[in-house]
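Enquirer: Predicted model and sequence follow; I will ask about them next.
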Amino acid sequence: MQENDSKFYPNQYYHIYNRGNNKEKIFFEEQNYFYFLNKFDLYLSDNLDVLAFALLPNHFHFLVKTKESINSDDLTFQFRKFFISYSKSINKQFNRTGSLFQKKFKRKLIGDNKYLFRIILYIHANPQKHKFTKDFMTYKFSSFEAIISNKPTRILKEEVIELFGDINQFIRFHKDNIYLYKDLDIIDDDK
């Protein structure tokens, strides 16, 4: 596992995360969450796929898989464009100035399946860990519900479910291990 390696490598899993500047909000209204996801898709879907995410009022987490044909410099540039575009929109909407996000987003290359399972749980449990919900399984701005539902989604839910064996094992893993969410200090600076 490498944190903030300067390159993105093809066909690899990454934990992508960032928070608001000074731990301030990055989402102010419900529509901001949807707008953020749409911008993420617009700028980044050519280079990566999403396996899990959680958007919280002052930070976010994504588990992504880079595509085989990625160009690392292009992907880094696209992330920059994405953050600038979203920030400009929020600044205009709320008549604010200055940076919205901390300077650099963080990324960790996921090196093994054990960590991959833990990061999926960590991302899904994060809204509960930070007391934005009592039950992460019903949190609106997370991929958990999209993964277990039959509704169409751009999330690679079949790949996620296959990692766990099947949908029942995916759900059971989350239920059986939710007690760990307090100890899942995969990163400690995401509040």
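Expert: Received it, and whenever you're ready, just let me know what you need.
Enquirer: This protein: strands as residue ranges?
Expert: Ranges of strands in the chain, per DSSP state E, are 2-3, 13-19, 48-56, 59-66, 106-109.
Enquirer: Tell me which of the ones you listed approaches residue 171 most closely.
Expert: With CB to CB as the measure, strand 48-56 is the member of the strands of the chain nearest residue 171 (14.0 Å). Quick note: C-beta positions are derived from backbone N, CA and C, even for glycine.
Enquirer: Report the angle between that closest one and strand 59-66.
Expert: Between strand 48-56 and strand 59-66, the angle comes out at 170 degrees (axes from the mean of the first three to the mean of the last three CA atoms, to 10 degrees).
Enquirer: Strand 48-56 to strand 13-19, inter-axis angle?
Expert: For strand 48-56 against strand 13-19, the angle by the same axes, to 10 degrees is 30 degrees.
Enquirer: hmm, who's touching strand 48-56?
Expert: Strand 48-56 is contacted by residues 13-14, 27, 33, 36-37, 40, 60-67, 70, 75, 119-120, 123-124, 126-127, 130, 132, 139, 141-144, 147, 154-156, 159-160 when judged by CB atoms under 8 Å, 6 or more residues apart in numbering.
Enquirer: Mind listing what's buried along it?
Expert: Buried residues in strand 48-56, counted by 16 or more other CB atoms under 10 Å: 48, 50-56.
Enquirer: hey, where'd the helices end up in the chain?
Expert: 30-44, 72-93, 113-129, 144-148, 157-164, 167-177 (DSSP state H).
Enquirer: pLDDT score for the spatially closest residue to residue 71 that is not a sequence neighbour?
Expert: Nearest non-adjacent residue to residue 71, counting by CB to CB, 6 or more residues apart in numbering: residue 47, 7.7 Å away. Residue 47 carries a pLDDT value of 96.
Enquirer: okay, which residue is most central for this protein?
Expert: Nearest to the mean C-alpha position of the chain, counting by CA atoms, centre = their mean, stands residue 62 at 1.7 Å.
Enquirer: Can you verify my assumption that that one contacts residue 13?
Expert: No: here residue 62 lies out of contact with residue 13, judged by CB atoms under 8 Å, at a distance of 10.6 Å.
Enquirer: residue ranges with poor pLDDT in the chain?
Expert: Applying pLDDT under 70 to the chain flags residues 1-5, 180-191.
Enquirer: repeat that for 80
Expert: 1-6, 179-191 (pLDDT under 80).
Enquirer: coming back round to it: from the buried residues of strand 48-56, pick the one nearest residue 109.
Expert: Minimum distance to residue 109 across those is 12.9 Å, recorded for residue 48 (CB to CB).
Enquirer: and the residue lying farthest from the centre of the chain, backbone torsions?
Expert: Using CA atoms, centre = their mean, the residue of the chain lying farthest from its centre is residue 95. It sits 26.7 Å away. Note on residue 95: its backbone torsions stand at phi 50, psi 50 [degrees, to the nearest 10].
Enquirer: Good, wrapping up.
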